[in-house]
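>>> Show me the folded form of this:
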Amino acid sequence: PSPTPSPSPRPSPSSTPATIISGSVDLSVENCQEFVGGEGSAAAVAAGLASAFGVPAEYLEATLSCSGRRLGEARRLAETVVVAYTITIPKSDDSVDVTSIETAIEEAQVDAVRQALTTALQSAGIAIEVTVTSIGEITKEEITTTMTTTTKDKEEEDS
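Predicted coordinates:
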């Protein structure tokens, strides 16, 4: 007898709505490559930004990269680190006010952000002097993430 075809897998969707806020912050450091490649730098910067912006640290991810720009400062050249960050706030978290976070970022002062970054870097054991040179515009989007999992029905075996 020919084998019984197995049923097609059935997708089962589930949605996790969230608000995503993204932006960038430019930092000035003495050695960009060393800072960007340093262990714990991105996590410490993310923690500092989360603190400065009033966001739970687990919601903020930061990616560090070196820009080709060099800024002349006194007798040394400072290098620019571009921090691209993404804040993902689940709609299910009623304790986080998205509007307050947007306002905090838009009204953030470079000195306050620098202080929050310095504190986070020191807590991570990273001894580096950073200067915040700019805080970029933010973008916000409302998303619904749909994950699809596939399940198979149990096959009945014919004897």
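
>>> Residue 36 contacts residue 64, doesn't it?
Yes. Contact status for residue 36 versus residue 64: in contact at 4.5 Å, counting by Cβ atoms under 8 Å. Every residue, glycine included, has its C-beta placed from N, CA and C.

>>> Are there residues contacting both of the two? Which ones?
residue 81 (Cβ atoms under 8 Å, 6 or more residues apart in numbering).

>>> which residues does the nearest residue to residue 125 once chain neighbours are set aside contact?
Among residues not flanking residue 125 along the chain, residue 40 sits closest, at 7.4 Å (Cβ to Cβ, 6 or more residues apart in numbering). With contact set as Cβ under 8 Å, 6+ apart, residue 40 has these partners: 124-126.

>>> Apply 10 Å and report the result again.
Residue 40 sits next to 47, 120-121, 123-126 when contact means Cβ atoms under 10 Å, 6 or more residues apart in numbering.

>>> In a markdown table: those residues, plus secondary structure.
Putting the contacts of residue 40 into a markdown table (DSSP: H, G, I helix; E, B strand; the rest coil) gives the following:
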| residue | secondary structure |
| --- | --- |
| 47 | helix |
| 120 | helix |
| 121 | helix |
| 123 | helix |
| 124 | coil |
| 125 | coil |
| 126 | coil |
